[in-house]
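Trainee: Fold the following and give me the result.
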Amino acid sequence: MYDYSRLRRFPDVEVPNLQAWDATDELLVDWARTAGIAGDCIAVLGDEYGAITLALTDAGLHGIRVHQDLVTGRRALANNARALGSDPDAFTSHELDETLLRGAQLVLVQLPKSLAALDEIADAVARWATPEVVLVAGGRVKHMTLTQNDVLARHFTSVHPQRAARKSRLLVASSPSSPPSPPSPPAEKPLPVLETTTHVVSHTAGGFSPVEFTLCAYGGAFAGSKLDIGTRALLDAMPALSAGYRVQGSAVGRSQLRKNGAAEGQSASNGGPGDQISGVTNEGMRVIDLGCGTGALAVAFALQHPTAAIVATDRSAAAVRSARATVSANGLDDRITVTLDDAASDLPDGSADLILLNPPFHLGASVHEGAGRRLIEAAARLVRPGGEVWTVFNSHLDHRRALTRAVGPTEQVSRTPKFTVTRSTRRA
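Mentor: Have a look, this model is predicted:
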């Protein structure tokens with residue numbers, strides 16, 4: 001029996017009530033062990049911290065192919081494999097593409113939160129795995145719905161729910177409804193078709209023009225191609241943010257003049273042009289959209305500030321893929337760099353003049369402030385002294401106190417019944 005208790009979530013948040021595996025992982029491993037299928041014919045998707053993969057390699061299976069959406073999960077798998085002495089050649093990591101699924105006879109899936117992500121996975125398996133493939137998807141019963149069966153049934157002619165055990169249940173799908181055929185020409189996984197929506201952010205505030213942009217999303221991206229209400233709240237606050245970053249004109253927003261300690265009509269405190277904020281000039285302004293999702297904040301800001309250089313980063317491969325599509329759809333490939341990273345760990349300290357932050361408040365299916373706090377701490381590291389962090393968060397969370405402690409003085413910009421937007425200035 002594999003000892004799952006040795007697994008860790010690191011570098012993801014680690015607290016006593018969150019563990020690195022659940023009963024669903026164990027049920028999926030038990031199914032694979034009794035299936036009699038060689039490891040190089042098994043693909044594992046959604047293995048959050050490596051529990052499925054490492055239990056199977058411990059059972060002697062080799063050649064397992066793994067896809068994890070979150071880079072924190074990928075690093076946790078590598079860390080756990082190293083710490084537990086697992087064979088590093090027993091598994092290989094892949095994106096959600098043909099290399100993951102070609103020749104697969106058994107696909108084990110931890111059910112994703114969104115139906116769109118499940119649809120994308122089921123389509124990929126039906127398209128690229130063998131005609132004899134069996135897809136076994138599992139989840140906690142309290143998070144499962146009959147609609148998940150319907151999604152699988154779009155791509156497989158046979159879908160059978162299994163009896164629940166230890167508050168988890170498996171769904172077994174077989175007989176792909178359409179035989180897989182190679183795409184022509186070969187292409188990045190575009191199916192289901194990339195979802196796009198055009199959004200208009202319109203304000204009458206001085207110095208802020210209406211912004212129209214296209215938002216793109218693949219299956220696993222949070223909120224799809226729609227604007228989640230937190231992002232909308234921060235977009236609605238952009239006139240106040242943009243007041244200090246106008247490309248034309250010489251006036252500094254009154255709130256920023258107050259922070260700079262300058263009287264109205266005086267230049268900024270460092271003696272530079274008046275169209276700057278906390279000593280930031282428009283030329284070469286460095287902006288990070290931290291936890292960028294589908295890229296809405298990065299694109300909206302770039303369209304308003306043509307000289308800003310922007311890095312949009314997220315730990316989700318689906319989000320990054322979507323953000324790159326969003327950037328391209330809006331003709332901003334030369335202005336915005338999109339990276340897959342955990343809390344921008346690859347970016348240097350003090351490398352940003354401005355950070356836009358819409359932190360998550362979930363860790364998997366659990367409501368937890370830990371993920372948001374990690375990004376707040378990352379923002380404090382990334383923003384230069386005098387730079388700013390603009391954050392939107394659920395109003396019931398105590399993020400304002402955390403921002404003040406980690407970044408510096410924090411003031412409320414706007415508030416709705418659900419969301420609060422704040423501005424934090426990095427202390428020296």
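
Trainee: can you pull the contacts of residue 345?
Mentor: Residue 345 sits next to residue 378 when contact means C-beta atoms under 8 Å, 6 or more residues apart in numbering. Placement of C-beta: from N, CA and C, glycine included.

Trainee: which phi and psi does it have?
Mentor: When read as degrees, to the nearest 10, the backbone of residue 345 gives phi -70, psi -20.

Trainee: what does stretch 73-93 contact?
Mentor: 6-12, 20, 39, 44, 47-50, 53-54, 57-58, 61-68, 342.

Trainee: roughly how far out does that stretch sit from the chain middle?
Mentor: Mean-position distance between stretch 73-93 and its chain equals 22 Å (C-alpha atoms, centre = their mean, to the nearest Å).

Trainee: partners of residue 419 in the sheet?
Mentor: residue 394 (DSSP bridges).

Trainee: That one contacts residue 397, correct?
Mentor: No. Here residue 419 does not reach residue 397: they are 9.9 Å apart, not a contact under C-beta atoms under 8 Å.

Trainee: of these two, who's got more company?
Mentor: Neighbours per residue, other C-beta atoms under 10 Å: of residue 419 and residue 397, the larger number sits with residue 419, 22 against 17.

Trainee: Low-confidence ranges, the stretch 1-150 of the chain, go.
Mentor: Nowhere does the stretch 1-150 of the chain drop to pLDDT under 70.

Trainee: Could I get the full set of strands for it?
Mentor: Using DSSP state E, counting those that start in this stretch, the strands found in the stretch 1-150 of the chain span residues 42-45, 64-67, 91-93, 106-110, 134-140.

Trainee: how about those in JSON lines, adding mean neighbour count and distance to residue 336?
Mentor: Shown next, in JSON lines, are these (neighbours: other C-beta atoms under 10 Å; distance: least, C-beta to C-beta, whole Å):
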{"stretch": "strand 42-45", "mean neighbour count": "26", "distance to residue 336": "29"}
{"stretch": "strand 64-67", "mean neighbour count": "23", "distance to residue 336": "26"}
{"stretch": "strand 91-93", "mean neighbour count": "17", "distance to residue 336": "26"}
{"stretch": "strand 106-110", "mean neighbour count": "25", "distance to residue 336": "31"}
{"stretch": "strand 134-140", "mean neighbour count": "23", "distance to residue 336": "35"}
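
Trainee: Using JSON lines, lay out those together with distance to residue 218.
Mentor: Formatted as JSON lines, these follow (distance: least, C-beta to C-beta, whole Å):
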{"stretch": "strand 42-45", "distance to residue 218": "14"}
{"stretch": "strand 64-67", "distance to residue 218": "13"}
{"stretch": "strand 91-93", "distance to residue 218": "18"}
{"stretch": "strand 106-110", "distance to residue 218": "17"}
{"stretch": "strand 134-140", "distance to residue 218": "19"}
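
Trainee: out of those strands, nearest to residue 380?
Mentor: strand 91-93 (30.6 Å; C-beta to C-beta).

Trainee: ranges for the helices of the stretch 1-150 of the chain?
Mentor: For the stretch 1-150 of the chain, helices defined by DSSP state H, counting those that start in this stretch occupy the ranges 23-35, 51-58, 71-83, 98-101, 115-128, 146-153.

Trainee: Out of those, which is closest to residue 356?
Mentor: helix 71-83 (19.7 Å).

Trainee: That closest one to helix 51-58, inter-axis angle?
Mentor: Compare the direction of helix 71-83 with that of helix 51-58 by axes from the mean of the first three to the mean of the last three C-alpha atoms, to 10 degrees and you get 30 degrees.

Trainee: pull the CA atoms of helix 71-83 into CSV?
Mentor: Extracted as CSV, the C-alpha positions of helix 71-83 are listed here (Å, rounded to 0.1, in the frame of the first residue of the first chain):
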residue,chain,number,x,y,z
VAL,A,71,3.0,25.0,-12.5
THR,A,72,2.8,24.7,-8.7
GLY,A,73,1.5,21.1,-9.3
ARG,A,74,4.3,20.4,-11.7
ARG,A,75,6.9,21.6,-9.2
ALA,A,76,5.3,19.7,-6.4
LEU,A,77,5.4,16.5,-8.4
ALA,A,78,9.1,17.0,-9.1
ASN,A,79,9.8,17.8,-5.5
ASN,A,80,7.9,14.8,-4.2
ALA,A,81,9.6,12.5,-6.7
ARG,A,82,13.0,13.7,-5.6
ALA,A,83,12.2,13.6,-1.9
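
Trainee: buried stuff in it?
Mentor: Neighbour-count burial for helix 71-83 flags 71, 72, 73, 74, 75, 76, 77, 79, 80, 81 (criterion: 16 or more other C-beta atoms under 10 Å).

Trainee: do stretch 371-382 as well
Mentor: 371, 372, 373, 374, 375, 376, 378, 379, 380, 381, 382.

Trainee: quick revisit: so which of the buried residues of helix 71-83 comes closest to residue 160?
Mentor: Among these, and counting by C-beta to C-beta, the member closest to residue 160 is residue 73, at 28.1 Å.

Trainee: count of residues packed around residue 220?
Mentor: Residue 220, neighbours per other C-beta under 10 Å, totals 24.

Trainee: oh, I was asking about residue 228
Mentor: 16.

Trainee: ok, now residue 105?
Mentor: 17.

Trainee: just residue 413 next, same as before
Mentor: 19.

Trainee: Confirm that it sits in a strand.
Mentor: Yes. Residue 413 sits within a strand when classified using DSSP: H, G, I helix; E, B strand; the rest coil.

Trainee: Distance check, it against residue 9.
Mentor: 34 Å (C-beta to C-beta, to the nearest Å).

Trainee: Residue 34 too?
Mentor: According to C-beta to C-beta, residue 34 and residue 9 sit 28 Å apart.

Trainee: Comparing the two, which shows the higher neighbour count?
Mentor: The neighbour count for residue 34 versus residue 9, taken as other C-beta under 10 Å, is higher for residue 9 (22 against 8).
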